[in-house]
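*Asks:* turn this into a structure:
(one chain, ligands or ions: 2)
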Amino acid sequence: MAKQKSKFFCQNCGAQHAKLLGKCTTCNEWGTVVEEIIQKEESRGFRRTWNTTSKVKKVIKAVKISEIYITEEDRFKTNNKELDNVLGGGLVRGSVLLLGGEPGVGKSTLILQIALQMPQKVLYISGEESKNQLKMRGERLQIKNDNCLILTETNTQNIFKSILENEPEMVVIDSIQTLHTDYIEASPGSISQIRETAAELIKFAKETATPVLLIGHINKEGSIAGPKILEHMVDVVLQFEGDRNHTYRILRATKNRFGSTAELGIYEMLSSGLREIENPSEILISEKDASLSGTAIAATLEGIRPFMIEVQALVSTAVYGTPQRSTTGYNLKRLNMILAVLEKRAGFRLGAKDVFLNIAGGLKVDDPAIDLAVVCAILSSNEDVAIPQNYCFAAEVGLAGEIRAVNRIEQRILEAEKLGFDTIIVSKYNKISQKKYNIEVIKVSKIEAVFQKLF
Ligand code: TYD
Ligand code: MG
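*Replies:* Residues are numbered from 1 along each chain as shown. Ligands and ions are numbered 1, 2, ... in the order given. This is a model prediction of the structure:
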């Protein structure tokens, strides 16, 4: 009788070991190595299902790169502008996409909505939800489309049978962690199952030129659960991000074999699904009263997309001994650094004050170009003097209190101009000429200069 074959995998990093270990020698995590039985007794002559069911004959012939022609049809639009942009102009036939994100962020909603919006025939395979649940979600989305078929199945052999029967133009798997193949004994979601089922689907996608979209769970570090190799195997890795308490969601590509990873899609979660947001600046700036102190607008970039964002600060006298510093959407260490710069280089006495900082809209911003807006919001709240409504800022603040240049300044200025701002304050070291713009560009080199201009 044939012996069962098993291997030992680290569930954290996907490394394979020869024996059971207490600590993974690759990623140094404890207790993550588990045994996975990978071969059933009867299935020794190991083979992939798709090969046996596929009608496609493989031609083995090497060609010159100049003899390969790309036709326009190799890409098709999904009718979802934000997704098409992120993908670099539509979905490529035969590509395999992996979408990751926190539980509840809206992955299934986004993909079902896209599947329902597409004119192409889509097979949506769910291993997580029942038909009833999917029907209820479809009703919330209020889109009717008979080209979208639903299958609740987790066995890849059965999935391929259904694919052969229905011949969809796109396949969605929700989620890769629920799938299992007959040829491997390990439980669904284990490293070897994920690797094997993904390999079967990738083979299918490449041989039939059908795009496959995999939804993936993420682990506690925020990367896609399962072997890192999964991200290497697929063509596109998408990340769906957002705070569950806020309604904005960001879709970005962290890997894209067919386009850049700089594009970004922004959505708003409504009770009737996700709304595409084409002009993010409008929603991120609250309609404010001219007399409000403590707010400043920054011209920031996410990926390559410029938008205006509102920074709000509140500076008040500390009630308790140790002043509080707290931020949402901005790095707390960076706020502490800016406060130290203001204290030491510009002489503002903020050491005994509580400082709260908030980026409106629940977004997280890493762009250093919002530093100057942070400084101005803090000073505005401290002095209790409002910044003129039509001013905005784009510059980084250095440790010496100098105002530093930032990248892609033209794009930021143009966005500010487009949205009707009159004045933008930038660094003296950004090489730009005023002549090109209708908006007034003020160049500064020190915090004191900004302070004198504004207050
Ligand atoms: P879901 O797509 O199930 O998340 P994931 O697949 O990433 O785990 O999203 C669920 C959340 O989205 C849930 O908290 C409810 C919310 N939601 C809306 O706000 N509006 C809607 O139209 C739908 C369908 C869901
Ligand atoms: Mg889901």
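*Asks:* which residues are in contact with Gly242?
*Replies:* Counting by CB atoms under 8 Å, 6 or more residues apart in numbering, Gly242 makes contact with 105-106, 248-250, 269, 362. Placement of C-beta: from N, CA and C, glycine included.
*Asks:* skipping its backbone neighbours, what lies nearest it in space?
*Replies:* Nearest residue to Gly242, sequence neighbours excluded (CB to CB, 6 or more residues apart in numbering): Arg249, at 3.8 Å.
*Asks:* and that neighbour, how close does it get to Gln177?
*Replies:* Per CB to CB, to the nearest Å, Arg249 is found 21 Å from Gln177.
*Asks:* hang on, the earlier thing: just name the closest of the contacts of Gly242 to Ser223, please.
*Replies:* Taking CB to CB as the measure, Val105 is the one of those closest to Ser223, at 14.7 Å.
*Asks:* what residues does the closest one make contact with?
*Replies:* When contacts are counted by CB under 8 Å, 6+ apart, Val105 touches 240-242, 244, 249.
*Asks:* return the set of buried residues in the helix of greatest length in the chain.
*Replies:* With secondary structure taken from DSSP state H, the chain has its longest helix at helix 191-208. Neighbour-count burial for helix 191-208, counted by 16 or more other CB atoms under 10 Å, picks out 191-205, 207-208.
*Asks:* in its sheet, what does the longest strand belonging to the chain sit against?
*Replies:* The longest strand of the chain (DSSP state E) is strand 305-317. Here strand 305-317 has these sheet partners by DSSP bridges: strand 295-302 (antiparallel), strand 353-359 (antiparallel).
*Asks:* export it to CSV, keeping only CA atoms.
*Replies:* What follows is strand 305-317 as a C-alpha-only set of coordinates in CSV (Å, rounded to 0.1, in the frame of the first residue of the first chain):
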residue,chain,number,x,y,z
ARG,A,305,-3.3,61.3,-8.2
PRO,A,306,-3.3,64.8,-6.7
PHE,A,307,-6.0,65.9,-4.3
MET,A,308,-6.7,68.4,-1.6
ILE,A,309,-7.1,67.3,1.9
GLU,A,310,-8.1,69.2,5.0
VAL,A,311,-5.9,69.1,8.1
GLN,A,312,-7.5,70.1,11.4
ALA,A,313,-5.7,70.9,14.6
LEU,A,314,-6.8,71.8,18.1
VAL,A,315,-4.3,73.3,20.5
SER,A,316,-5.4,73.9,24.0
THR,A,317,-3.8,74.4,27.4
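*Asks:* in it, what counts as buried?
*Replies:* Judged by neighbour count (16+ other CB under 10 Å), strand 305-317 contains these buried residues: 305-315.
*Asks:* what's the helix or strand for the nearest residue to Tyr124 once chain neighbours are set aside?
*Replies:* Leaving aside its sequence neighbours, Tyr124 sits nearest to Val172 (CB to CB, 6+ apart; 4.6 Å). Assigned by DSSP states H and E, Val172 falls within strand 170-174.
*Asks:* mean confidence score for that strand?
*Replies:* Mean per-residue pLDDT for strand 170-174: 95.
*Asks:* now what about it, what contacts it?
*Replies:* By CB under 8 Å, 6+ apart, strand 170-174 touches 91, 107-108, 111, 115, 118, 120-129, 159, 163, 179, 201, 204-205, 210-215.
*Asks:* narrow those to just the buried residues.
*Replies:* 91, 107-108, 111, 115, 118, 120-127, 129, 159, 163, 179, 201, 204-205, 210-215.
*Asks:* out of those, who's near ligand 1?
*Replies:* Contacts with ligand 1 within those, as defined by CB under 6 Å from any ligand atom: 107-108.
*Asks:* in helices only, show me the buried ones among the contacts of strand 170-174.
*Replies:* Filtering the buried ones among the contacts of strand 170-174 for helices - DSSP H - leaves 107-108, 111, 115, 159, 163, 201, 204-205.
*Asks:* which of the residues you listed sits closest to Val33?
*Replies:* Of all these, Val33 sits closest to Leu201, with 26.4 Å by CB to CB.
*Asks:* and stretch 156-163, how far out from the chain's middle?
*Replies:* 30 Å (CA atoms, centre = their mean, to the nearest Å).
*Asks:* which residues sit in contact with the nearest residue to Ile370 once chain neighbours are set aside?
*Replies:* Computed as CB to CB, 6+ apart, the closest residue to Ile370 that is not its neighbour in sequence is Ala298, at 3.9 Å. By CB under 8 Å, 6+ apart, Ala298 lies in contact with 308-311, 365, 367, 369-370, 372-374, 392-394.
*Asks:* measure Ala298 to Val397 for me?
*Replies:* Counting by CB to CB, the separation of Ala298 from Val397 is 12 Å.
*Asks:* quick check: neighbours shared by these two?
*Replies:* Residues touching both Ala298 and Val397 by CB under 8 Å, 6+ apart: 372, 374.
*Asks:* can you pull the contacts of the residue of the stretch 201-350 of the chain found nearest ligand 1?
*Replies:* At 4.2 Å from ligand 1, Gly273 is the closest residue in the stretch 201-350 of the chain, using CB to the nearest ligand atom. Applying CB under 8 Å, 6+ apart to Gly273 gives the contacts 109, 113, 140-142.
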